[in-house]
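> Below are the sequence and a predicted model for it; my questions follow.
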Amino acid sequence: MVTQIYIVTYHHIRTSVSPNPSKVAVIEEEFRKSLMIAIDNGPLVLGENVGHAIYFHVERNHQLKHEEIPDRIESFHKALESLLGAGAVVFEKLIAKELYSRLGLKFEEHEGWNLVDYVNDSMKARKQLRDSQATAGFRGRIL
């Protein structure tokens, strides 16, 4: 007979209302890293050289350095539209799909959405998931 022991630790509901600032910074940094990886990996379907060429032109023509993209996502979106026209939609969806995948979220395509919309939605969904886990009041593990 196998016995499973659950250790449950309860967290204060207050955690979800006013989270620890250092925890928030870590979560934001994790999101930023996931976004950066998605920006790098999403368009690889089109080929590595295509991605490099696009980022080169974005930096050269729009003064948007690669490492600044997560912090200036709207500028990146505008630069892609300027460079790729209607093709920007495909490029942005590749990035969005990769981002959702990295965050453990289900990607759903929305008519008329661009990368900015998907990034905002994924941030909101990730925050709701985190808050719902915190307000659940416990975390357990099997010993």
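Arrived safely. Numbers count the residues shown, from 1 in each chain.

> where does this protein dip in pLDDT?
Along the chain, the model assigns pLDDT under 70 to residues 1-25, 27, 134-143.

> could you redo the last one with a cut-off of 50?
In the predicted model, the chain carries pLDDT under 50 at residues 1-18, 138, 141-143.

> Tell me who's in contact with Leu103.
Phe31, Ser34, Ser122, Ala125, Arg126 (C-beta atoms under 8 Å, 6 or more residues apart in numbering). Heads up, the C-betas are built off the backbone N, CA and C, glycines and all.

> ok, now with 10 Å
With contacts defined as C-beta atoms under 10 Å, 6 or more residues apart in numbering, Leu103 is in contact with Glu30, Phe31, Ser34, Leu35, Ala38, Ser122, Met123, Ala125, Arg126, Leu129.

> buried ones in the host helix or strand of the second one?
Looking back up the chat, that one is Phe31. Under the criterion of DSSP states H and E, Phe31 resides in helix 21-41. Buried residues in helix 21-41, defined by neighbour count with 16 or more other C-beta atoms under 10 Å: Phe31, Ser34, Leu35, Met36, Ala38, Ile39, Asp40, Asn41.

> do stretch 85-92 as well
Within stretch 85-92, the residues that qualify as buried are Ala88, Val89, Phe91, Glu92, counting by 16+ other C-beta under 10 Å.

> The helix or strand hosting Ser122 versus helix 21-41: what angle between them?
Using DSSP H and E, Ser122 maps to helix 115-135. Using axes from the mean of the first three to the mean of the last three C-alpha atoms, to 10 degrees, the inter-axis angle of helix 115-135 relative to helix 21-41 is 140 degrees.

> Can you give me the buried ones in helix 115-135?
So helix 115-135, judged by 16+ other C-beta under 10 Å, has buried residues Leu115, Tyr118, Val119, Asp121, Ser122, Arg126, Ala134.
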